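Chemist: Can you look at this prediction? I've put the sequence above it.
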Amino acid sequence: MATFQHHENPHIRSRTLSIQAVLILIVFLAIASVLISRDHTYAGFGLLLFAVLFFIVDFARSIRIAWANGKWDIVIDEKRFTWIAPNPSLGPKINVPIRFIKSFEISTYLESEIESGKRYYLVMADGTREQLWGLDSAPMDKVTECLEANGVPIQEVNV
C-alpha cells in the first residue's frame, strides 16, 4: 500500500503565474521591438498584439487563483482518495474510499488544446466519472503510481 500527499498554496501559485506572464511579455516585447526596428512592422505589431493577449490571459488566471481561498489538497492512502480544490471553478472536491474507485483512466488526446494532451478520470464503481482537472498542477505521475499501488487499475485510452 502506498500513500501520497500534495498540498499547494494558491497565493504562491498565483505569484508564480504572474511572474511567468511578465517574463513572457518582456521576451515578446524585445522580439517585437527588434522586428519593428528592422522594418518588419506588421510582424512586430502582430507579435506585440499576441504578447499582450497572452499576458492578459495568464494574468487573469493568476488573479483567479489568488482569489481562491484555501489550498489544493490531494491525499491518497490505502483507505481513501481525497482531492480538494479551494473553489469549484478550479477543480472538483472528491473524497471517496479507494474501494469505490473502479479504475483510473488516462485519456490522451493526439490533437489537444491542453498542454499535456492528457485528461485524467476516476471511474467509480457505480459508473460515474470524475475528471481531475483545473489549475491544480498535481504531479499526476505520482497520483497514478499511488493509485496503482493501492490496487486501482490504470486504463490508458488514446482519443
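Modeler: Thanks, I have the structure now.

Chemist: Could you pull out the buried residues of stretch 36-54?
Modeler: Buried residues in stretch 36-54, counted by 16 or more other C-beta atoms under 10 Å: 36, 44, 47-48, 51. Quick note: C-beta positions are derived from backbone N, CA and C, even for glycine.

Chemist: Now do the SS call for the closest residue to Thr41 other than its chain neighbours.
Modeler: Nearest non-adjacent residue to Thr41, counting by C-beta to C-beta, 6 or more residues apart in numbering: Leu35, 7.8 Å away. Of the three states, Leu35 takes helix under DSSP: H, G, I helix; E, B strand; the rest coil.

Chemist: Leu35 contacts Ala51, doesn't it?
Modeler: No: the criterion here is C-beta atoms under 8 Å, and Leu35 misses it with Ala51 at 11.5 Å.

Chemist: wait, what's in contact with Asp39?
Modeler: Going by C-beta atoms under 8 Å, 6 or more residues apart in numbering, Asp39 touches no other residue.

Chemist: Helices of the chain, start to end?
Modeler: Assigned by DSSP state H, the helices in the chain fall at 10-37, 41-66, 140-149.

Chemist: For Arg129, which of those is the nearest?
Modeler: helix 140-149 (14.6 Å; C-beta to C-beta).

Chemist: mind listing what's buried in that closest one?
Modeler: For helix 140-149, by 16+ other C-beta under 10 Å, it's 143-144, 146-147.

Chemist: what sits up against that helix?
Modeler: 1-4, 6, 74, 76, 81, 98, 101, 104, 106, 118, 120, 132, 154.

Chemist: Flag the shaky bits of this structure, pLDDT-wise.
Modeler: For the chain, applying pLDDT under 70 flags the ranges 1, 6-10, 68-72, 86-87, 89-90, 111-116, 133-138.
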